[in-house]
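Novice: Okay, predicted coordinates and the sequence, questions at the end:
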Amino acid sequence: MQSSLKKIGNSAGVVIPKPMLAAIGAKAGDRVDLLVEKGRIVIQPAIMSPRAGWAEDSRRLAAVGDDELVWPEFAGEGDDRLTW
């Protein structure tokens, strides 16, 4: 399959067909890593930390007061007999 480079400001872009994106597990809007290997441009999905953005989201939830426990505190069977 061939495509052409499109001028985007001082850079260039190429249209990647949806089936090709699906083949690498990506979709429009996803972050990708670009590499040059042996004279080829390699595009691969960016590896993101599973917890990326959690700290920012926690601060945002706390700022709007939406950080209360979803599950109430509950005791386990036999907790009343435990000694610490």
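Specialist: Nice, thanks for sending it over. Residues are numbered from 1 along each chain as shown.

Novice: what is the mean pLDDT for stretch 54-74?
Specialist: If you average the pLDDT over stretch 54-74, you get 86.

Novice: Ok, stretch 8-26 next?
Specialist: Mean pLDDT, computed over stretch 8-26, is 93.

Novice: contact partners of the top helix by length along the chain?
Specialist: If each helix of the chain is counted by residues according to DSSP state H, the longest one is helix 54-63. Here helix 54-63 makes contact (C-beta atoms under 8 Å, 6 or more residues apart in numbering) with D67. Where C-beta positions appear, they are placed from N, C-alpha and C, glycine not excepted.

Novice: how far is that helix from where the chain is centred?
Specialist: How far helix 54-63 lies from its chain's middle: 16 Å, per C-alpha atoms, centre = their mean, to the nearest Å.

Novice: May I have that helix exported as PDB, CA atoms only?
Specialist: C-alpha atoms of helix 54-63 as PDB (Å, rounded to 0.1, in the frame of the first residue of the first chain):
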ATOM      1  CA  TRP A  54      -3.700   8.600  38.700                       C
ATOM      2  CA  ALA A  55      -2.100  11.300  40.900                       C
ATOM      3  CA  GLU A  56      -3.700  14.100  38.800                       C
ATOM      4  CA  ASP A  57      -7.100  12.400  38.700                       C
ATOM      5  CA  SER A  58      -6.900  11.900  42.500                       C
ATOM      6  CA  ARG A  59      -6.200  15.600  43.000                       C
ATOM      7  CA  ARG A  60      -9.100  16.600  40.600                       C
ATOM      8  CA  LEU A  61     -11.500  14.300  42.500                       C
ATOM      9  CA  ALA A  62     -10.500  15.700  45.900                       C
ATOM     10  CA  ALA A  63     -10.800  19.300  44.600                       C
END
